[in-house]
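Q: here's a sequence, model it:
(2 chains)
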Amino acid sequence: MSAVIGPSGHGGTVDAAGHDHELAHEHHGAPHGWRRWVYATNHKDIGTMYLLFSFTMFMVGGLLALGIRTELFHPGLQFVNPQLFNQLTTMHGLIMVFGAIMPAFVGFANWMVPLQIGAPDMAFARMNNLSFWLLIPAAIMIVGSFFMPGGAPAAGWTLYAPLTLQMGPSMDAGIFALHILGASSIMGSINIIVTILNMRAPGMTLMKMPLFCWTWLITAYLLIAVMPVLAGAITMTLTDRHFGTTFFNPGGGGDPVMYQHIFWFFGHPEVYIMILPAFGIISAVIPAFARKRLFGYTSMVYATASIAILSFIVWAHHMFTTGMPVTGQLFFMYATMLIAVPTGVKVFNWIATMWRGSMTFETPMLWAVGFIFVFTMGGFTGLILAMAPIDIQLQDTYYVVAHFHYVLVAGSLFAMFAGVYYWGSKWTGVMYRESAGKFHFWTSLIFFNLTFFPMHFLGLAGMPRRYADYPMQFTDFNMIASIGAFGFGLSQVYFFFAVVLPMMRGKGERASQHPWEGAEGLEWEVPSPAPFHTFETPPQLNAAGTKIIGVAPLPTHDIPAPGGTAVHA
Amino acid sequence: MTMRAFTRLGFALSALAAAANAWAAPAVRDLPGGPAVNQIDLPPPMSQIAADQQWLHNFMLIICVVIFVAVFGVMFYSIFKHRRSKGARAANFHESTTVEIAWTVVPFIIIILMALPATRVVVAMKDTSAADLTIKATGIQWKWGYDYLNGEGAGIGFLSTLDVAQREQSDRGKPEGDDYLLRVDNPLVVPVDKKVRIITTASDVIHAWGVPSLGVKQDAIPGFVRDAWFRASQTGDYYGQCYELCGKEHAYMPIHVKVVSQQEYSAWAGAKVKEAAARADDPSKVWELAPLVARGEQVYTANCQVCHQANGKGGGNIKALDASPTVLDADKTKQIHIVLNGQANGAMPAWKQLSDTELAAVITFTKNHWSNATGQIVQPSEVAAARK
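A: All right, here's what the predicted structure looks like:
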């Protein structure tokens, strides 16, 4: 482990496994076999499990999407009945949001945050284990809900009341699963906050942290704030269904719109939860491949924080057709438009990072540049949707579907791919094949646009969403979208076989410790693959907090005296 | 070629033909007042609000495209020029407070300029006062109910359901017609150039009433009333659909607004009022079995068939009526209760909006059709008594 330096004060030699044998595992032996994974407390192992879990769920959610697009290839019902179709759309949404995107970013956080701040692991290693393993029963319930009587929930991923009151027992399983996922997210967020605030290496001030850590710090606060709100909404749905309450049932004095308020108070910050870590990844990749420091670091931190704070006051832009008073419509319109400002600031800062850099376009950079281009398109359609009069035309049409897939797929997913290609060699010790990476990128980009660009037209023409069948004038664009969807899906299968599998099996060129010339950060100060334990002793950092120059000296204040009060030297 | 090769070739060709057949989408033309083939923009506006919305959208689109081209022009220029393979060497700068302020303030100003025209339209859309005609649109799983509340034609009420043949075409996977999934039995008729206020509500779950050409969309929320308005600028037929997921037939409850001249409207309204009076069933009438069953079959086809099927066998969660113990029960109140109030949290909807005569007829029909031969007659007065 290069971070543990011998008494000579400079980078010492380590063994092939990167361990300093005097410290590591001498008393209990390195974990192996199934216990290594089930009892994992190592942030790298847990990160790996999160990433593999989320990739699996991504494939499952993708299959559901292909089910949707197969049915929508032509007007008329050819493959599924409308009830099953509604199940497909609902579960595609729930699985992608809660099973693919969110756990994947947690996986990135687990792997990279301790490495980037010079910490040995997450603050609460055992709670980290629980956070991961909770996902498994939740996923089983969610995927298994298709096989319950009545099939999976079919009320849309937003689970609006009172339609949810008509759903079968899978609705209750889904509620239970969401509670579990929420608990997992909350615990993970607590872990991330405590780790970042307390375990940074000496000299790694908050304003020297990589932006990925900042975006995750802010995302974690958002999660803690809003996951309980979702829990409230779905618990009220549960009690309305079974325990005689009428929160959302007007027959008992309840209000269906209140469900929407509560849900979207969670739901809007939720979409920022799904994009902020992506911003962090892009903010790591662009400077590395432009060979130039991130432009406007301070501004980027403030912009991320502004986006997070603003995300709490815009929720009713999802409700412009529910019949708010005019003041409400105007307030939420103005607040939503405001979010474009800090988001624009971030885009400008990334481009300014590229400007007069010395760029090369290996696969991570392709994904990052692709992200900026296509995510911004999604941002513009979001701004257009923010205009309440326009939203009246476009609410619940395919324009909305196009918008959120642009920001979530071309946004979050592309950023994740950038992260996988960028950091993958640190995780596995093996480089991906550059031609495979490029192929994955170009096919994904082209098929993604083929799938979702026509949906803007469909929405403007008035095609509603969550429709199993449609007027025939919408046929051609639906056909193009379906073809694109299959192409996109196949690209991800290619990714699995041509990139993920070889990297996991160690098949490929040996990766160097520092494969990207322009990359900076403590993760590049450890070997590839990163040893099981890193930074067991806090490193001493250079002034910028990007390189290790020694072992951090022992603290001069004392161990607390018995009774708990510290005695200062 | 060998026989095997011929057979293989034959298979391949028929597969290709089948694929080509499946590939070819059925021919369709633009629907005036509805979607156009491969339409790429908002529909031609047929009300001032729709025109304002379209203006706003064009305004936003132009500004966004200009900004997009400018920003990505810069980015692609940089990608081209500032690459290592072209010998570019990285500069050293990484912050500038001036620039950060500039690209915060300028977008902020642009946003304000965008918000100004939008505000005007929001306020205009919300002003539903002084309407010439007020109509309540009730979202029902899965049809619309229209009640003319105020203005000429007050008192008219009817249901508007998707054409049954089109629903069957969907099931068979063989759609046809330019108005596929948009044709209804009873369109909403309104006069041109009059302010029409639409009050939306629902009887079960949230639906949404929307007509793109008229620039209107409003959620229909059970237990609550909302409103929206439009003033149609031209006569014609305008189509819309349900815009809030409301269950399995969400795609099958379209809206057809027929905008006619003032004279035509007066004639229609007058005729409708007379018709309603003539058709009003005398709720104290005592019916014979055969005419009641015949009436019941009409009610069944229009309301029940879509779920319980023409053969009465239902499917999946939907109960069969043919040989159903509840239907065959000597105690008629059991079935009356279910039809009036619904069951399974609304999965079987409540049908109390149908008249006593219609309900009596359809229940009698189920008790005396398919393999059911109870000989029972349910009179409208029995349904009326069960409502209490």
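Q: show me the shaky parts of chain A.
A: A:1-29, A:555-569 (pLDDT under 70).
Q: in it, which residue sits nearest chain B?
A: A:Pro250 (2.1 Å; CB to the nearest CB). (Each C-beta comes from the backbone N, C-alpha and C, glycine too.)
Q: now do the strands in the chain.
A: Using chain A here. Ranges of strands in chain A, per DSSP state E, are A:539-541, A:548-551.
Q: think we crossed wires, I meant chain B
A: Ranges of strands in chain B, per DSSP E, are B:133-140, B:143-150, B:157-160, B:188-191, B:195-202, B:207-211, B:216-220, B:226-231, B:236-242, B:255-260.
Q: quick one: contacts for the closest residue to chain A within chain B?
A: The nearest approach of chain B to chain A comes at B:Gly223, 2.1 Å away (CB to the nearest CB). By CB atoms under 8 Å, 6 or more residues apart in numbering or on different chains, B:Gly223 lies in contact with A:Pro250, A:Gly251, A:Gly254, A:Asp255, A:Pro256, B:Thr201.
Q: now do the contacts for the second one.
A: Shown here is A:Gly251, whose contacts under the criterion CB under 8 Å, 6+ apart are B:Gly223.
Q: before we move on, what about the third one?
A: By CB under 8 Å, 6+ apart, the contact set of A:Gly254 is A:Asp240, A:Thr245, A:Thr246, A:Phe247, A:Phe248, B:Gly223.
Q: could you pull up phi and psi at the last one?
A: This means B:Gly223. For B:Gly223, the backbone dihedrals (degrees, to the nearest 10) come out as phi 80, psi 0.
Q: so it versus A:Gly251, what's the distance?
A: 7 Å (CB to CB, to the nearest Å).
Q: repeat that for the second one.
A: When CB to CB is the yardstick, A:Thr245 and A:Gly251 sit 12 Å from each other.
Q: tell me, how many residues neighbour A:Arg126?
A: Neighbourhood size, A:Arg126 [other CB atoms under 10 Å in any protein chain shown]: 11.
Q: what's the closest non-adjacent residue to it?
A: Leaving out its chain neighbours, the residue that sits closest to A:Arg126 by CB to CB, 6 or more residues apart in numbering or on different chains is A:Thr41, at 5.7 Å.
Q: does A:Val500 touch A:Thr56 like I think?
A: No - A:Val500 is beyond contact range of A:Thr56, at 11.2 Å (criterion: CB atoms under 8 Å).
Q: more neighbours: those two, which one.
A: Ranked by neighbour count (other CB under 10 Å), A:Val500 and A:Thr56 place A:Val500 first, with 18 against 15.
Q: what's near enough to touch the more buried one?
A: Shown in contact with A:Val500 (CB under 8 Å, 6+ apart): A:Phe55, A:Val420.
Q: contact partners for the residue nearest to A:Phe176 when sequence neighbours are not counted?
A: Nearest residue to A:Phe176, sequence neighbours excluded (CB to CB, 6+ apart): A:Met141, at 6.3 Å. By CB under 8 Å, 6+ apart, A:Met141 lies in contact with A:Ala173, A:Gly174, A:Phe176, A:Ala177, A:Ile180.
Q: for the residue of chain A closest to chain B, which non-adjacent residue is spatially closest?
A: B:Gly223 (2.1 Å).
Q: please tell me how far the one you found sits from B:Pro35.
A: 32 Å.
Q: then A:Ala138?
A: Going from A:Ala138 to B:Pro35 by CB to CB gives 40 Å.
Q: and for A:Phe266?
A: 35 Å.
Q: and for A:Phe331?
A: Applying CB to CB to A:Phe331 and B:Pro35 gives a distance of 33 Å.
Q: between these two, which one's more packed in?
A: With other CB under 10 Å as the criterion, A:Phe331 and B:Pro35 differ in neighbour count, and B:Pro35 comes out ahead with 26 against 16.
Q: does that one touch A:Leu460 like I think?
A: No - B:Pro35 is not in contact with A:Leu460 according to CB under 8 Å; the separation is 10.2 Å.
Q: residues shared between the contacts of the two?
A: Contacts common to B:Pro35 and A:Leu460, judged by CB under 8 Å, 6+ apart, are absent.
Q: the lengthiest helix in chain B and chain A in contact?
A: When chain B is scanned for its longest helix (criterion: DSSP state H), the result is helix B:48-81. Yes - under the criterion of CB under 8 Å from any CB of the partner chain, chain A is reached by helix B:48-81 at B:49-50, B:52-53, B:56-57, B:60-61, B:64, B:67-68, B:71-72, B:74-75, B:78-79.
Q: elements contacting that helix?
A: Contacts defined by 3 or more CB pairs under 8 Å, 6 or more residues apart in numbering or on different chains; DSSP states H and E place helix B:48-81 against helix A:340-354, helix A:363-386, helix A:388-394, helix B:97-126, strand B:226-231.
Q: can you rerun that using 10 Å?
A: Counting contacts by 3 or more CB pairs under 10 Å, 6 or more residues apart in numbering or on different chains; DSSP states H and E, helix B:48-81 is packed against helix A:340-354, helix A:363-386, helix A:388-394, helix A:434-460, helix B:97-126, strand B:226-231.
Q: mind listing the strands the last one pairs with, and their directions?
A: To tie it back to what came earlier, the one meant is strand B:226-231. strand B:195-202 (antiparallel) (DSSP bridges).
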